[in-house]
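Enquirer: coords please:
(2 chains)
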Number of protein chains: 2
Amino acid sequence: MKKKAAIILSGCGVYDGAELQESVLALYFLEKNGFVCSFFAPDIEQFHVINHATGKEMQEKRNVLTEAARIARGKISPLSAYCATDYDALCLPGGFGGAKNLSDFAFKGAECTVLPEFAAAAKQTIAAGVPILALCIMPAVIAQFSSGAKLTLGSSAANKEALDSMGAKGVISVSASEVVEDTEMKIVSVPCYMEDATVTELAEGIEAGVRALVALCSR
Amino acid sequence: MKKKAAIILSGCGVYDGAELQESVLALYFLEKNGFVCSFFAPDIEQFHVINHATGKEMQEKRNVLTEAARIARGKISPLSAYCATDYDALCLPGGFGGAKNLSDFAFKGAECTVLPEFAAAAKQTIAAGVPILALCIMPAVIAQFSSGAKLTLGSSAANKEALDSMGAKGVISVSASEVVEDTEMKIVSVPCYMEDATVTELAEGIEAGVRALVALCSR
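Expert: Presented below is the predicted three-dimensional model:
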């Protein structure tokens, strides 16, 4: 019997959406470890569009769901259709989309507000005791809904403080592939590209995170 | 001493660019098997833009290099800068971008023409004896430059015929992860998402393809 995982995406591209490499490797290691995966994304306009070759803002508008569908090869549902109890686990790949589209953490840090639709999804997931794998920046986006949870955003002391002031118990972890587990709250966090990692290190962290998630699913 | 691989992308998204999952998994398995990777893409307008959630064409213009930079996290060079002798191997991920942006195979099949800049890159790579890993649709895009090479586009008899009529020796292979090697021409082809594969099967094929590429590099 396959387990079911939901993956919530925030667009398609590290600077204005979901981090592609994290998203694809999460999909791969989840499937490899026995999950059937379903993608979700909010049907909203992106905060902005970044030319990823130059780093400059483009005068365009793009939709988060429409762009996220590129990662999902078209098989994606609006976040409004997400129901936590349909799934055994929730995976949240990182990228600036988490901090620009799903929240305004990129601009306001610990004072951030979270997209109501995403907040509802996070709250129902935590309330239902469904384990969460939060990659890269995503622990910051769920911190205010997981009071007291042990979470990491990598090696930055400022980011640890931001987690603390949002009610979490921030942990400084030194490598991209270091897995931080809160077995009580059932949240696994991995720094991923919060650190300057190779793709192999990225994959190691995501694979270790998925294994920790599997263990939480059978608790 | 690390080996160097070039990866040529055709955009960012299966229906109008490079297949994301193939691109990221190729990067991962190349790096895991000892390659340092560099990305390239042509600095040209995409043939069109497809809404990947609906499958419909969007009234937008996008640039192949700019969009491919999303996969590469910004570290990408124009295809015009590619020099085959700088690399130990060349990897070509699939997606409709190969058949719409790098060539017009999607519309003309065996009668296709290839983007001159890509044709030049393919020709110098083959002339230099640099091994090539061609995923998914990409064997079709290099067939006319690798006369007599044993290539596959998966299980489609029509696609085998198209390869044959472009001068290659088409092979029907039945699974997404079946690797077809031409050790003389130093070309490895893998059907990948030409078949209806799971992500795990996709990864198996790409990993096996990379291993075959490694063996060719040391011949």
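Enquirer: Now for chain A: which helix has the highest residue count?
Expert: Longest helix of chain A, by residue count under DSSP state H: helix A:199-217.
Enquirer: Which other helices and strands does that one contact?
Expert: Contacts defined by 3 or more C-beta pairs under 8 Å, 6 or more residues apart in numbering or on different chains; DSSP states H and E place helix A:199-217 against helix A:20-32, strand A:89-92, strand A:132-135, strand A:187-190, helix B:20-32. For glycine as for every other residue, the C-beta is placed from the backbone atoms N, C-alpha and C.
Enquirer: and with 10 Å instead?
Expert: When contacts are defined as 3 or more C-beta pairs under 10 Å, 6 or more residues apart in numbering or on different chains; DSSP states H and E, helix A:199-217 sits against strand A:3-8, helix A:20-32, strand A:35-41, strand A:89-92, strand A:132-135, strand A:180-182, strand A:187-190, helix B:20-32.
Enquirer: Can you point out the buried residues in it?
Expert: For helix A:199-217, a neighbour-count test (16 or more other C-beta atoms under 10 Å in any protein chain shown) marks A:199-210, A:212-214, A:216-217 as buried.
Enquirer: Quick one: distance of it to the chain centre.
Expert: Mean-position distance between helix A:199-217 and its chain equals 13 Å (C-alpha atoms, centre = their mean, to the nearest Å).
Enquirer: now it and strand B:35-41, what's the angle there?
Expert: With axes from the mean of the first three to the mean of the last three C-alpha atoms, to 10 degrees applied, the angle from helix A:199-217 to strand B:35-41 works out at 100 degrees.
Enquirer: and helix A:199-217, C-alpha only, in CSV?
Expert: Listed next in CSV are the C-alpha coordinates belonging to helix A:199-217 (Å, rounded to 0.1, in the frame of the first residue of the first chain):
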residue,chain,number,x,y,z
VAL,A,199,23.7,19.2,-6.0
THR,A,200,25.0,16.0,-4.4
GLU,A,201,24.9,17.6,-0.9
LEU,A,202,21.4,18.9,-1.7
ALA,A,203,20.3,15.4,-2.6
GLU,A,204,21.8,13.9,0.5
GLY,A,205,19.9,16.3,2.7
ILE,A,206,16.6,15.7,0.9
GLU,A,207,17.0,12.0,0.9
ALA,A,208,17.8,12.0,4.7
GLY,A,209,14.8,14.3,5.2
VAL,A,210,12.5,11.9,3.4
ARG,A,211,13.8,9.0,5.4
ALA,A,212,13.0,10.9,8.6
LEU,A,213,9.6,11.7,7.2
VAL,A,214,9.0,8.0,6.5
ALA,A,215,9.9,7.2,10.2
LEU,A,216,7.4,9.8,11.4
CYS,A,217,4.7,8.4,9.2
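Enquirer: Counting neighbours, what do you get for the closest residue to A:Leu216 other than its chain neighbours?
Expert: Among residues not flanking A:Leu216 along the chain, A:Pro131 sits closest, at 3.9 Å (C-beta to C-beta, 6 or more residues apart in numbering or on different chains). Residues within reach of A:Pro131, counting by other C-beta atoms under 10 Å in any protein chain shown, total 26.
Enquirer: The one 3 residues further on now?
Expert: Neighbouring residues of A:Ala134 were enumerated by other C-beta under 10 Å; the total is 30.
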